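Chemist: Sequence and predicted structure below; questions after.
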Amino acid sequence: MFDTMTMTKAIGGLCGTFLVFLLGGWAAELIYHSGGGGHGDHHDQAYVIPVEGDDATEEVVEEGPPFEELFAVADAGAGEGEFRPCAACHALDGTDGVGPHLDGVVNRAVGGIDGYGYSGNLVAVAETWTPENLDAFLENPSGYAPGTAMNFRGIRDAQDRANLIAYLETYGG
């Protein structure tokens, strides 16, 4: 009943089936475990949940010099270059565009342009556009005045903000 050829076919079939399962496991390992598929590989977590008192998750923020020092050495000429993106919505000649005009903005009352419809709670955050208030606003407009219609992500560099404010201060209005 079993001859040599039947036995060879049965053993070949079992070995072939075993090989297909091994190759399937290897392919699944490559697909679902990126990075080589070794069991000893460790990867960073996709996200970390911060826990109070955990020193490993606390972000270290280096603070630069205070704004007053940066503003004291600010370069109004460099601030002119920082104003170029602002010129798309703001003017320095007393005419309102998409945004209110910015001539005389330094030490002007917040919301002080009659007839211009300010958005959000901009008028509620400060009374006067002091250089310090302008610095905080220019760093993150939507964080400083939530609900503002000003679609600008802010200026991250403190010296660039100080230069821009020094430039705006030269336009007294």
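Modeler: Looks like it came in fine.
Chemist: Give me the secondary structure label for the residue nearest to the spatial centre of the chain.
Modeler: The structure's the chain has its C-alpha centroid closest to residue 153; by CA atoms, centre = their mean the separation is 8.3 Å. Using DSSP: H, G, I helix; E, B strand; the rest coil, the structure places residue 153 in coil.
Chemist: Quick check: it vs residue 85, distance?
Modeler: Residue 153 sits 10 Å away from residue 85, going by CB to CB, to the nearest Å. (Each C-beta comes from the backbone N, C-alpha and C, glycine too.)
Chemist: ditto for residue 7
Modeler: 82 Å.
Chemist: do residue 150 as well
Modeler: Counting by CB to CB, the gap from residue 150 to residue 85 is 12 Å.
Chemist: Between those two, which has more neighbouring residues?
Modeler: The residue with more neighbours, out of residue 150 and residue 85 and counting by other CB atoms under 10 Å, is residue 150; that gives 18 against 12.
Chemist: Who are the contact partners of the more buried one?
Modeler: Residue 150 makes contacts with 89, 99, 119, 141-142, as judged by CB atoms under 8 Å, 6 or more residues apart in numbering.
Chemist: Check residue 70 too.
Modeler: Contacts of residue 70 (CB under 8 Å, 6+ apart): 64, 158-159, 161-162.
Chemist: Longest helix of this protein, counting residues only.
Modeler: If you go by DSSP state H, the chain has its longest helix at helix 4-32.
Chemist: Which stretches in the protein count as helices?
Modeler: Going by DSSP H, the chain shows helices at 4-32, 67-72, 76-83, 122-125, 131-139, 141-144, 158-169.
Chemist: Pick the most deeply packed of those.
Modeler: Among the helices of the chain, the stretch with the highest mean neighbour count (mean count of other CB atoms under 10 Å) is helix 158-169, at a mean of 23.
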